[in-house]
Every structure is written in structure tokens, then in C-alpha cells.
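Visitor: I'd like to go over a predicted model; first the sequence, then the structure.
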Amino acid sequence: METLSTCSVYSTLNETKFLIVEDDKLGEYPFIYVKVYVSGLVFIDTGCGGAFRDGPANVTCLRVFLETYPIVDNDNQALNPGSEKNYVVISPIVTSTT
């Protein structure tokens, strides 16, 4: 089995809430808050990238992280293994068309 390396770190806030911080290529370290429900995951993503800044990582995409990366406080399972649950994304990023 391949060892997973990631450009993100996570903290467990409680049994159903997690904070993911990306070491993004722009050095902004965006926060992604994830709330796990029976039917889906809701997350607030302040990020704009995902490429690892200090070297290679094989998990650089948030979706891949959520679906494959083992979380110790989640019985060493990913938060959404096999994409079993739906996603709801809340993004505070606003783009201008002017």
C-alpha cells in the first residue's frame, strides 16, 4: 500500500467537525472547515490552490484528501471514503467580472 503524503494538516474540533489547513503554493494557508453529517459533508473553503510548496505530495486535491486520507480521530478512515456522501461547498471567495 502506498504511503499517502499531503499538503494539508488537520485538527479535530469535535466528533463531526474538522479543520483542514493547506500548505498552498501561495503561502496563504487557507482554512477549510468540514462538518460531517450522515447524508453529506458541508465545508467552508477559503482556499485558492493546493499545490504543495515545499516538495512533492501525492494528495494535493481537497476532494482526494477528503476521500482517501486516513484521519486518526475518524477511526483511521477518510472523512468521505469512496465519495459515499454528497458535498455542499460554501466559498467566501468572490470574483469580479469588471
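Guide: Cool, got the structure.
Visitor: any chance you could map the helices in this structure?
Guide: 62-68 (DSSP state H).
Visitor: centroid residue for this structure?
Guide: Leu62 (4.2 Å; C-alpha atoms, centre = their mean).
Visitor: where does pLDDT dip in the chain?
Guide: The chain contains residues with pLDDT under 70 at 1-2, 48-56, 93-98.
Visitor: go with 90
Guide: 1-9, 21-32, 43-65, 68-69, 89-98 (pLDDT under 90).
Visitor: show me where it has its strands.
Guide: Ranges of strands in the chain, per DSSP state E, are 8-12, 17-22, 31-36, 40-45, 86-90.
Visitor: can you tell me which of the ones you listed is most buried?
Guide: strand 17-22 (a mean of 19; mean count of other C-beta atoms under 10 Å). Backbone N, C-alpha and C define where each C-beta goes, glycine included.
Visitor: hmm, who's touching that strand?
Guide: 7-13, 29-36, 47, 49-50, 62, 65, 71, 79 (C-beta atoms under 8 Å, 6 or more residues apart in numbering).
Visitor: strand partners of it, parallel vs antiparallel please.
Guide: Strand 17-22 has the following strand partners under DSSP bridges: strand 8-12 (antiparallel), strand 31-36 (antiparallel).
Visitor: quick one: it to strand 40-45, angle?
Guide: Using axes from the mean of the first three to the mean of the last three C-alpha atoms, to 10 degrees, the inter-axis angle of strand 17-22 relative to strand 40-45 is 40 degrees.
Visitor: can I get strand 17-22 as PDB, trimmed to CA atoms?
Guide: Only the C-alpha atoms of strand 17-22 are listed here, as PDB (Å, rounded to 0.1, in the frame of the first residue of the first chain):
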ATOM      1  CA  LYS A  17     -16.100  18.900  12.800                       C
ATOM      2  CA  PHE A  18     -12.600  19.200  11.400                       C
ATOM      3  CA  LEU A  19     -10.300  22.000  10.400                       C
ATOM      4  CA  ILE A  20      -8.000  21.400   7.400                       C
ATOM      5  CA  VAL A  21      -5.200  23.800   6.600                       C
ATOM      6  CA  GLU A  22      -3.500  23.600   3.200                       C
END
